[in-house]
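J.: Turn this into a structure:
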Amino acid sequence: MAIGKMVDVGTADAVWFKYLLSCAAASCAEFATYPLDLTKTRLQIQGEAADSKVPYRGLVRTALGVVREEGPLRLWQGITPAIWRHVVYTGVRMNGYEWMRNQLREEGRSLPVWQAALGGLVMGGTGQLLASPADLVKVQMQMEGRRRLLGKKPRVQSAGQALRKIVREGGVRSLWKGCVPNVQRSALVNLGDLTTYDSVKGRLVQNTTLGDNHLTHFLASACSGLVSATLGTPADVVKTRVMNQPTDKHGRGVLYRNSIDCFLRLVQEEGLLAMYKGFVPCWLRMAPWSLTFWFTYENLRKFCGTSTF
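T.: Numbering: from 1, shown residues only. Predicted structure coming up:
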């Protein structure tokens with residue numbers, strides 16, 4: 001029996017069920033595009049003092065370097081905490097935004113852009129605030145292969161060990177290291193993703209003959225990926241550096257005092273364009289990520305009898 005026949009109307013439109021569907025769609029998108037995320041993180045670290053021995057390499061050379069020097073499976077190093085993150089982040093941002101939108105909009109109409117933008121900012125920031133510990137673990141695991149090649153002592157072997165190490169060295173509070181740029185970045189990315197997708201899709205459905213179909217989903221998700229990458233990359237670079245930096249015995253960062261200090265030093269030492277290090281893989285990842293996520297999410301909802309997003 002098809003799943004759509006097994007799920008009654010009340011369950012299909014329940015918040016908890018939509019939450020599960022959004023997590024499933026995000027997990028598919030994350031796994032499919034994760035190598036680009038790891039490549040982006042490696043590119044963003046290049047140039048800082050702690051990684052000065054690593055030569056500057058572009059997107060393709062960095063990815064091929066990981067495969068050649070560390071093995072192809074290392075392209076998925078850190079995927080476990082990445083999935084953990086989306087169980088919290090995507091579930092909160094998607095369902096929080098949809099609930100808010102349904103409370104504010106008139107029947108059959110799209111939200112005004114300013115309301116959609118505000119909702120995207122708030123829900124993206126809230127979701128990332130709750131999911132920040134998983135993101136911290138992910139970033140540290142992504143850099144372990146590079147540390148070994150530089151002859152440095154490995155910090156962690158698994159996501160669970162990384163989590164325990166962070167708490168042991170700096171307390172529970174240290175799980176939110178880099179939280180400020182992380183929340184800023186996710187708020188901007190979510191603004192670009194949800195606001196753009198929802199607004200573009202709504203206007204295509206209302207003002208063209210395309211209807212609510214795969215082509216509409218493709219066009220809306222392509223736009224959302226580009227806007228998300230443009231808005232989120234600078235904060236993403238700062239977040240990555242703050243999270244990856246070594247800490248002293250008190251759990252304080254050795255390289256940067258805070259996200260503002262990181263931003264200022266980055267611009268002074270490496271130039272303004274350094275804020276867009278990793279932009280290409282970030283964009284190349286966000287575009288297919290958005291496409292995979294929205295295509296999977298919309299079809300899961302349709303398959304299960306849940307109303308369209």
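J.: Might you list the low-confidence residue ranges for the stretch 1-150 of the chain?
T.: Applying pLDDT under 70 to the stretch 1-150 of the chain flags the ranges 1-7, 9, 44, 46-57, 108, 145-150.
J.: ok, 80 please
T.: Within the stretch 1-150 of the chain, the ranges that satisfy pLDDT under 80 run 1-10, 40-59, 106-110, 139-140, 142-150.
J.: How about the residue most central in space within the chain, nearest residue that isn't a chain neighbour?
T.: Per C-alpha atoms, centre = their mean, the C-alpha nearest to the average position across the chain is that of Ser186, at 6.9 Å. Nearest non-adjacent residue to Ser186, counting by C-beta to C-beta, 6 or more residues apart in numbering: Gln128, 3.4 Å away. Glycine gets a C-beta too; all of them are placed from N, C-alpha and C.
J.: give me the element the one you found is part of.
T.: Assessed by DSSP states H and E, Gln128 sits inside helix 113-142.
J.: buried ones in that helix?
T.: The neighbour-count check on helix 113-142 (16 or more other C-beta atoms under 10 Å) flags 116-142 as buried.
J.: All the helices of the stretch 201-309 of the chain, residue numbers only.
T.: Along the stretch 201-309 of the chain, counting by DSSP state H, counting those that start in this stretch, helices occupy 214-244, 259-270, 279-304.
J.: re earlier: what's the offset of the helix holding Gln128 from the middle of its chain?
T.: 8 Å (C-alpha atoms, centre = their mean, to the nearest Å).
J.: Check which helices and strands it is in contact with.
T.: Using 3 or more C-beta pairs under 8 Å, 6 or more residues apart in numbering; DSSP states H and E, the elements in contact with helix 113-142 are helix 15-45, helix 79-104, helix 159-170, helix 179-190, helix 196-207, helix 214-244.
J.: would you turn those helices into TSV with distance to Trp283?
T.: Listed next are those as TSV, based on distance: least, C-beta to C-beta, whole Å:
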stretch	distance to Trp283
helix 15-45	9
helix 79-104	18
helix 159-170	27
helix 179-190	12
helix 196-207	14
helix 214-244	4
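J.: so which of those helices gets nearest Leu273?
T.: Among those, helix 214-244 comes nearest to Leu273, with 10.4 Å by C-beta to C-beta.
J.: so who does Ala159 touch?
T.: 78, 80-81, 84, 137-138, 141 (C-beta atoms under 8 Å, 6 or more residues apart in numbering).
J.: one step back: how about TSV for the helices of the stretch 201-309 of the chain, with mean pLDDT, distance to Thr90 and mean neighbour count added?
T.: Shown next, in TSV, are the helices of the stretch 201-309 of the chain (pLDDT from 0 to 100; distance: least, C-beta to C-beta, whole Å; neighbours: other C-beta atoms under 10 Å):
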stretch	mean pLDDT	distance to Thr90	mean neighbour count
helix 214-244	84	13	23
helix 259-270	86	23	16
helix 279-304	85	8	21
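J.: Quick one: the ones you listed as CSV, columns for distance to Lys152 too.
T.: Converted to CSV, these look like this (distance: least, C-beta to C-beta, whole Å):
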stretch, distance to Lys152
helix 214-244, 12
helix 259-270, 21
helix 279-304, 24
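J.: Ok, which of those helices comes nearest Val66?
T.: Nearest of these (C-beta to C-beta): helix 279-304, 12.0 Å.
J.: give me the number of residues near Arg203?
T.: Other residues within reach of Arg203, judged by other C-beta atoms under 10 Å, total 14.
J.: Distance check, the spatially closest residue to it that is not a sequence neighbour against Gln184.
T.: Among residues not flanking Arg203 along the chain, Ser110 sits closest, at 6.5 Å (C-beta to C-beta, 6+ apart). Distance from Ser110 to Gln184, counting by C-beta to C-beta, to the nearest Å: 26 Å.
J.: for Gly124, same thing?
T.: Going from Gly124 to Gln184 by C-beta to C-beta gives 10 Å.
J.: Please apply the same query to Asp198.
T.: For Asp198, the distance to Gln184 - C-beta to C-beta - is 21 Å.
J.: circling back: the residue nearest to Ser186 and Leu255, how far apart?
T.: Gln128 is 22 Å from Leu255, by C-beta to C-beta.
J.: and if you look at Phe303?
T.: Phe303 sits 48 Å away from Leu255, going by C-beta to C-beta.
J.: for Val167, same thing?
T.: Distance from Val167 to Leu255, by C-beta to C-beta: 21 Å.
J.: cool, and Phe263?
T.: Counting by C-beta to C-beta, the gap from Phe263 to Leu255 is 13 Å.
J.: Let me see the backbone angles for Lys177.
T.: phi -60, psi 130 (degrees, to the nearest 10).
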